[in-house]
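[1] Provided below for reference: sequence and predicted model.
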Amino acid sequence: MLRNIYNFWLRRINPSLNTLIATLGTVGLGVCLIILFIVAKLAEEVLEKEAFKFDTTFLLWLHQFSNPSLDNLMLFITNLGNPTTVVIVGIITIAILWWCRYRLETLVFILSCLGGLILNTGLKLFFSKTRPQLWKQLITEISFSFPSGHALGSMVLYGFIAYLLAFHYPKFSALIYTLAVILIGAIGLSRLYLGVHWPTDIIAGFGVGFLWLMICITMLKLRRMRVTSL
């Protein structure tokens, strides 16, 4: 019995695991596992209808800094993660990739966007968590709260675009990733400032989006490796 398990590991699991580690890196794989654990714990608590004390405390603390100038800035930033903006950016990206004959990148990019949409819609309906109503809000949202679609979508969309840019322009990779992190983080912060999401919604949205982004990037890398080896 043990020999059969050992042989199965050597033939099936170990090669796939080695390929995954070689693609993501040990640190990358470790980060993904940690994020998966955090998202799982948050999801468990949400399913059990548990309240997170720091959710309300943080939102009320953040709201004390509100002012007309910040209101306008946060409304502008949150619009960068709105469905209309995301669709426009997505279509433009697809058009550029196709025009540049990056067929593989185009297909994986489309897959990543569609997967992100399905994950966001499915998880919101599954958890059915209500949004915060702690003060009079500047915008109205009618969908469920957990996870944040803006956080998930911006992570997938802008994260994938950042990866593609960094891949084709490696000299500017540090700058590209820095700007992407700032943009994605700002979109998440804007949702908290506007009071339409709990902090745990944002954390979960970023977590799920990052995991799906890593899956898509890994698929792209593996496909490139196969094409190169042919």
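    Done, it's in. Residues are numbered from 1 along each chain as shown.
[2] For this structure, just list every one of the helices.
    Listed in chain order, the helices found in the chain under DSSP state H are 2-8, 14-24, 26-47, 53-63, 68-79, 83-99, 103-127, 149-168, 173-193, 199-229.
[3] Tell me which of the ones you listed is the most buried.
    Between the helices of the chain, the one whose residues have the most neighbours on average, counting mean count of other C-beta atoms under 10 Å, is helix 149-168 (a mean of 23). (Glycine included, C-beta is placed from N, CA and C.)
[4] so how far is that one from its chain's centroid?
    On the basis of C-alpha atoms, centre = their mean, to the nearest Å, helix 149-168 is displaced by 8 Å from the centre of the chain it belongs to.
[5] list the contacts for residue 102?
    residue 164 (C-beta atoms under 8 Å, 6 or more residues apart in numbering).
[6] State the distance from it to residue 165.
    Separation of residue 102 from residue 165 (C-beta to C-beta, to the nearest Å) stands at 12 Å.
[7] Now do the shared contacts for these two.
    Common contacts of residue 102 and residue 165 (C-beta under 8 Å, 6+ apart): none found.
[8] returning to what we had before: got the helices of the chain as TSV, with distance to residue 141 columns?
    TSV is the format used below for these (distance: least, C-beta to C-beta, whole Å):
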stretch	distance to residue 141
helix 2-8	48
helix 14-24	34
helix 26-47	17
helix 53-63	14
helix 68-79	10
helix 83-99	12
helix 103-127	11
helix 149-168	9
helix 173-193	9
helix 199-229	11
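[9] Among those, which comes closest to residue 139?
    helix 68-79 (7.2 Å; C-beta to C-beta).
[10] just checking, what packs against that closest one?
    Using 3 or more C-beta pairs under 8 Å, 6 or more residues apart in numbering; DSSP states H and E as the contact definition, the elements that helix 68-79 packs against are helix 173-193.
[11] Any chance you could give me the helix it packs on in PDB, C-alpha atoms only?
    Once side chains and other backbone atoms are set aside, the C-alpha atoms of helix 173-193 remain, and they are given as PDB (Å, rounded to 0.1, in the frame of the first residue of the first chain):
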ATOM      1  CA  SER A 173       9.000  46.000 -14.000                       C
ATOM      2  CA  ALA A 174       9.600  47.500 -10.600                       C
ATOM      3  CA  LEU A 175       7.900  50.800 -11.600                       C
ATOM      4  CA  ILE A 176       5.000  49.000 -13.300                       C
ATOM      5  CA  TYR A 177       4.300  46.700 -10.300                       C
ATOM      6  CA  THR A 178       4.600  49.600  -7.900                       C
ATOM      7  CA  LEU A 179       2.000  51.700  -9.800                       C
ATOM      8  CA  ALA A 180      -0.300  48.700 -10.100                       C
ATOM      9  CA  VAL A 181      -0.100  48.100  -6.300                       C
ATOM     10  CA  ILE A 182      -0.900  51.800  -5.700                       C
ATOM     11  CA  LEU A 183      -3.800  51.800  -8.100                       C
ATOM     12  CA  ILE A 184      -5.300  48.500  -6.800                       C
ATOM     13  CA  GLY A 185      -4.800  49.500  -3.200                       C
ATOM     14  CA  ALA A 186      -6.400  52.900  -3.800                       C
ATOM     15  CA  ILE A 187      -9.500  51.400  -5.400                       C
ATOM     16  CA  GLY A 188      -9.900  49.200  -2.300                       C
ATOM     17  CA  LEU A 189      -9.400  52.100   0.000                       C
ATOM     18  CA  SER A 190     -12.000  54.200  -1.900                       C
ATOM     19  CA  ARG A 191     -14.600  51.500  -1.300                       C
ATOM     20  CA  LEU A 192     -13.900  51.700   2.500                       C
ATOM     21  CA  TYR A 193     -13.900  55.500   2.500                       C
END
